[in-house]
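Participant: need a structure here:
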Amino acid sequence: QVQVVESGGGLVQAGGSLRLSCAASGGTFSMYAVGWFRRAPGPEREFVAGIIWSGIRTYYADSVRGRFTISRDNAKNTVYLQMNSLNPEDTAVYYCAAKQSTTYYSSSPEWYDYWGQGTQVIVSS
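Facilitator: Residues are numbered from 1 along each chain as shown. From the prediction side, this is the model:
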């Protein structure tokens, strides 16, 4: 069973950048698909980006495509989310989620088995 911990959130001005990290332990992380989700005030988790186990394929929500980049370093058991050109609408708690899969990923939060506690991102105007 893998555990994931997010870090890298903070307060940034509009137009700025942040890099979030999702560090994993307790499993063979290279066999896991990983997704980033976010939750603004409210109950819904919004898919942001996903990456398959090998890192060859990545997926993005339309709202972040071209501004955010997901990547992974399996040697370091870490997935990253580079966020550029941030705007106040990106303000949310960002969560990393993982599921053991070497063939698939999903934009649905229900598909993932393991979640971190989240890291807060605040973008000021």
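Participant: only C-alpha atoms for contact and neighbour calcs from this point on.
Facilitator: Noted.
Participant: can you pull the pLDDT of the residue lying closest to residue 100 once chain neighbours are set aside?
Facilitator: Using Cα to Cα, 6 or more residues apart in numbering and skipping the chain neighbours, the partner closest in space to residue 100 is residue 32 (4.1 Å). With respect to pLDDT, residue 32 has a value of 94.
Participant: Now for residue 32: which residues touch it?
Facilitator: Shown in contact with residue 32 (Cα atoms under 8 Å, 6 or more residues apart in numbering): 52, 53, 98, 99, 100, 101, 102.
Participant: again, but for residue 111
Facilitator: Taking Cα under 8 Å, 6+ apart, one finds residue 99 in contact with residue 111.
Participant: measure it to residue 47 for me?
Facilitator: Separation of residue 111 from residue 47 (Cα to Cα, to the nearest Å): 12 Å.
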